[in-house]
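Colleague: predicted coordinates and the sequence they were generated for:
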Protein chains: 2
Amino acid sequence: MLPVAQISAFNPPRRILMGPGPSDVYPEVLAAQARPTIGHLDPLFVSMMDELKQLIQYAFQTKNEMTLAVSAPGSAGMETCFVNLVEPGEKVIVCRNGVFGERMRQNVERVGAIAVVVDNEWGEPVSVPAVEAALQANPDAKFLAFVHAETSTGALSDAKSLCALAQQYGCLSIVDAVTSLGGVELLVDEWGIDAIYSGSQKCLSCVPGLSPVSFSAKAVEKLKNRKTPVQSWFLDQTLVMGYWGNANGGKRSYHHTAPVNALYALHESLRLLANEGLENAWARHQAMHLSLRAGLEQLGLKFVVDEAYRLPQLNAVYIPQGIDDAAVRKQLLEVYNLEIGAGLGALAGKAWRIGLMGFGARAENVALCLKALESALK
Amino acid sequence: MLPVAQISAFNPPRRILMGPGPSDVYPEVLAAQARPTIGHLDPLFVSMMDELKQLIQYAFQTKNEMTLAVSAPGSAGMETCFVNLVEPGEKVIVCRNGVFGERMRQNVERVGAIAVVVDNEWGEPVSVPAVEAALQANPDAKFLAFVHAETSTGALSDAKSLCALAQQYGCLSIVDAVTSLGGVELLVDEWGIDAIYSGSQKCLSCVPGLSPVSFSAKAVEKLKNRKTPVQSWFLDQTLVMGYWGNANGGKRSYHHTAPVNALYALHESLRLLANEGLENAWARHQAMHLSLRAGLEQLGLKFVVDEAYRLPQLNAVYIPQGIDDAAVRKQLLEVYNLEIGAGLGALAGKAWRIGLMGFGARAENVALCLKALESALK
């Protein structure tokens, strides 16, 4: 073991991040994050938080009052939705078509609730008819939970139809938008989503570590009428909202110390998104996907997901026979400083995941990736 | 509401942070945090994580294998200790002499366990004889939980004696070291602490948002022999350790996306601590406290906590009669960019909390604070 006094400062190389996240971070975001730390109850910080809330509302396209950033990564955002809304013994329809649907199921079980799983093959979207059948068969279900954009496969599910079904059958919808937010159309209020969480490190191109979340008025009502306390003190939104305001006539009370500099970074990344405009960002992701797709197909690579429900920001392709997965990824990293993602779960060793997320969805990244893959596959 | 496209970049002022945390962040730490984001499974990032683990072990003075940084603030570190170790129905002796002991009690109740509270007045340390009486009266208690350095009052408790008692009575000890780590003597292995958590934003002078934690072999044994699953998926250390290594022959498996840049920052702040040397850092905090104390006493201010168990890094003083709490703090902030802390809980409106933490424990800060207070109290 190296004596600790001899450990040097860590100087990471400049990578081009085209995996499943973290994505390339905007230089402006890194600069924002390095600004001087101020107190988490400083009036100027509180003004920044007010703007940040507006920016999160914009990104989600919602007017929900309970909209904020959880002080922890997307997995904690997922847990925030489940522990606050779902009570022990309640029934949740959970759609599983990849790693993150399975993680939802585990969250449901850990709150002592009952998960009814609707399975789809990895690479397929969630089946709307199968969900309707499950809702019909389980009239006592209180929630429908699904992943909008499955990061493990690159499949996009039809959130609008699924949320309409949830409403029709009297369920609250809980939606994972970790990889979708900022990359593809997502309209929280228009689609009637009740609880949604995302992550900072995907199409927002912010540093990893924060999870934007939003709860509809119906979800807040459910939270307020809980019979049991929220099992997590840290994630209890009835307490957290005391700090994010609105709970107490605008007065902010201490809950935990906010991750001040990370919130500067999120503010900046969402500001850049608002300046570009959501629709423009969605169109840019799609255009870059089409360009990448053309090149990947020229290289003879096959997509895991059908184009009809393929995420532009997460391109999963099968690794050709006879190609050494790890050796190719190592070569890309060492020769070109280019990171692409390995397969996860059922696709481990079988697919690569090429991300085009946020600041990473640029023509220069597409060109580099195609040329580098071409050379590695020779 | 401001149209979001008109929101400007946030440019915080340079404050001098002498509240209860966040403390003044080392410029080197802000610079480290702004370095390029790389993948959380990048081999170079993994090497940095190995060093970070060593640095956390050094700061805690422990060889515990299960030593890592939770990807969330100190409150989540607290919850990590309780949800992983304590099972429903188990009995925990909880010492309460301020806000954070009470938060421990709430954590115990939220895991469905039984809290036996040992109360001491705010500003007093935890009473060792009272704890021994509680241990005698509760032979079925499995844990003793206490706060080493109460941030709400500035009282230091005798962690060494309390942990010795825990061992004598067959209990595991759970220790809050959020404000003590790096500021006063803390010897995890020598004192036999079983589970400990801290925060990045106090005497480590790192940005807020991370919680270093460590579990003894006995604590790991308890975790491995749980009869029920850990109620939090995000904080489940049996899963998290798969990413921090050691669980799987050194191979790291994905759990959640690590807060990459925040971990750069923690690495740098702990490296600076290791370079200074722990004992030197403790001595510097004490020297700065004595200097601040002399000046505060000259101004006629009285300490909340007796010198015998007063934290050098958190100086709580009563607000003199006739002085407007908020107006003084506002003046310090607006005229001098100086933040001192308000009272919390039972001390709200009655005391100020002046922090001398990490990089903030410097002669220039002490001088500024004394001169600024002198002018505000005139």
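Modeller: Nice, thanks for sending it over. Residues are numbered from 1 along each chain as shown, chains lettered A, B, ... in the order given.
Colleague: quick one: name whatever helix or strand follows the helix ranked longest in chain A.
Modeller: The longest helix of chain A (DSSP state H) is helix A:278-298. Note on helix A:278-298: by DSSP states H and E, the next helix or strand toward the C-terminus is strand A:314-318.
Colleague: circling back: for the longest helix of chain A, name the packing helices and strands.
Modeller: strand A:314-318, helix A:363-377 (3 or more Cβ pairs under 8 Å, 6 or more residues apart in numbering or on different chains; DSSP states H and E). All C-beta atoms are positioned from the backbone trio N, CA, C, and that covers glycine.
Colleague: most tightly packed of the ones you listed?
Modeller: strand A:314-318 (a mean of 25; mean count of other Cβ atoms under 10 Å in any protein chain shown).
Colleague: follow-up on the earlier one: who's in contact with the longest helix of chain A?
Modeller: For helix A:278-298, the external contacting residues (Cβ atoms under 8 Å, 6 or more residues apart in numbering or on different chains) are A:58-59, A:61, A:182-185, A:203, A:273, A:276, A:303, A:307, A:310, A:312-313, A:315, A:317, A:354, A:356-358, A:361-363, A:365-366, A:369-370, A:373.
Colleague: can you do 7 Å?
Modeller: With contact meaning Cβ atoms under 7 Å, 6 or more residues apart in numbering or on different chains, helix A:278-298 is reached by A:182-185, A:273, A:312-313, A:315, A:317, A:354, A:356, A:361-363, A:366, A:369-370.
Colleague: now the angle from that helix to helix A:363-377?
Modeller: 20 degrees (axes from the mean of the first three to the mean of the last three Cα atoms, to 10 degrees).
Colleague: find the nearest non-adjacent residue to residue A:74, please.
Modeller: Of all residues beyond its chain neighbours, the one nearest residue A:74 is residue A:199 (3.3 Å), with distances taken as Cβ to Cβ, 6 or more residues apart in numbering or on different chains.
Colleague: what of residue A:127?
Modeller: Nearest to residue A:127 is residue A:120, by Cβ to Cβ, 6+ apart, at 5.5 Å.
Colleague: give me the number of residues near the one you found?
Modeller: When neighbours are defined as other Cβ atoms under 10 Å in any protein chain shown, residue A:120 has 20 of them.
Colleague: how much space separates it from residue B:114?
Modeller: 44 Å (Cβ to Cβ, to the nearest Å).
Colleague: also residue A:28?
Modeller: In terms of Cβ to Cβ, residue A:28 sits 51 Å off from residue B:114.
Colleague: now do residue A:112
Modeller: With Cβ to Cβ as the criterion, residue A:112 and residue B:114 are 19 Å apart.
Colleague: end to end, how far does stretch A:294-305 reach?
Modeller: Across stretch A:294-305, the terminal residues are separated by 15 Å (Cα to Cα, to the nearest Å).
Colleague: give me the buried positions along it.
Modeller: By neighbour count on 16 or more other Cβ atoms under 10 Å in any protein chain shown, the buried set for stretch A:294-305 is A:295-296, A:301, A:303-305.
Colleague: equivalent analysis for stretch A:122-132, please.
Modeller: For stretch A:122-132, by 16+ other Cβ under 10 Å, it's A:122-128, A:131-132.
Colleague: could you give the separation of it from the chain centroid?
Modeller: When distances are taken as Cα atoms, centre = their mean, to the nearest Å, stretch A:122-132 is centred 20 Å away from the chain's centroid.
Colleague: ok and the residue in the stretch 251-378 of chain A nearest chain B?
Modeller: Residue of the stretch 251-378 of chain A nearest chain B, by Cβ to the nearest Cβ: residue A:259 (3.1 Å).
Colleague: find the nearest non-adjacent residue to that residue, please.
Modeller: Nearest to residue A:259 is residue B:209, by Cβ to Cβ, 6+ apart, at 3.1 Å.
Colleague: run a quick neighbour tally on the one you found.
Modeller: Residue B:209, neighbours per other Cβ under 10 Å, totals 32.
Colleague: now swap in the one 4 residues further on and tell me
Modeller: Using other Cβ under 10 Å, residue B:213 has 28 neighbouring residues.
Colleague: and the helices and strands packed on helix A:278-298: which comes nearest residue A:223?
Modeller: strand A:314-318 (31.4 Å; Cβ to Cβ).
Colleague: is that closest one anywhere near chain B?
Modeller: No. Strand A:314-318 is not in contact with chain B by Cβ under 7 Å from any Cβ of the partner chain; minimum separation 14.0 Å.
Colleague: what's the answer for stretch A:180-190, then?
Modeller: No. Between stretch A:180-190 and chain B, judged by Cβ under 7 Å from any Cβ, nothing touches; the nearest distance is 13.4 Å.
Colleague: which parts of that stretch are buried?
Modeller: A:180-186, A:188.
Colleague: show the average pLDDT along stretch A:322-331.
Modeller: Averaged across stretch A:322-331, pLDDT comes to 97.
Colleague: ignore the last one, stretch A:4-18
Modeller: 96.
Colleague: what's the first-to-last distance across it?
Modeller: Its start and end residues considered, stretch A:4-18 measures 33 Å (Cα to Cα).
Colleague: quick one: contacts of that stretch?
Modeller: Residues outside stretch A:4-18 that contact it (Cβ under 7 Å, 6+ apart): A:23-24, A:337-340, A:354-355, A:360, A:365, A:368-369, B:32, B:35-39, B:42, B:44, B:48, B:51, B:54-55, B:58, B:264, B:267-268, B:271, B:274-275.
Colleague: just confirm residue A:315 contacts residue A:154, I think it does.
Modeller: Yes. Using Cβ atoms under 7 Å, residue A:315 is in contact with residue A:154, at 6.0 Å.
Colleague: quick check: domain ranges of chain A?
Modeller: A:16-22+A:278-377, A:27-274 (automatic domain parsing).
Colleague: pLDDT on the longest one, on average?
Modeller: Averaged over domain A:27-274, pLDDT sits at 96.
Colleague: so how far is residue B:11 from residue A:48?
Modeller: 10 Å.
Colleague: restrict stretch A:31-45 to CA atoms and write it as CSV.
Modeller: Output of stretch A:31-45 as CSV, limited to C-alpha atoms (Å, rounded to 0.1, in the frame of the first residue of the first chain):
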residue,chain,number,x,y,z
ALA,A,31,-16.6,25.7,-15.1
ALA,A,32,-19.8,26.4,-13.3
GLN,A,33,-19.2,23.7,-10.9
ALA,A,34,-15.8,25.1,-10.0
ARG,A,35,-17.2,28.4,-8.9
PRO,A,36,-16.8,29.3,-5.2
THR,A,37,-18.9,27.3,-2.8
ILE,A,38,-21.4,29.4,-0.9
GLY,A,39,-23.7,28.5,2.0
HIS,A,40,-26.8,26.3,1.2
LEU,A,41,-29.0,28.8,3.0
ASP,A,42,-27.3,31.9,1.5
PRO,A,43,-30.0,34.2,-0.1
LEU,A,44,-28.1,34.1,-3.4
PHE,A,45,-28.0,30.3,-3.3
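Colleague: can you show me the helices along chain A?
Modeller: Counting by DSSP H, one finds helices in chain A at the ranges A:27-33, A:43-60, A:74-85, A:99-110, A:128-137, A:159-168, A:188-191, A:217-224, A:237-244, A:260-276, A:278-298, A:325-336, A:363-377.
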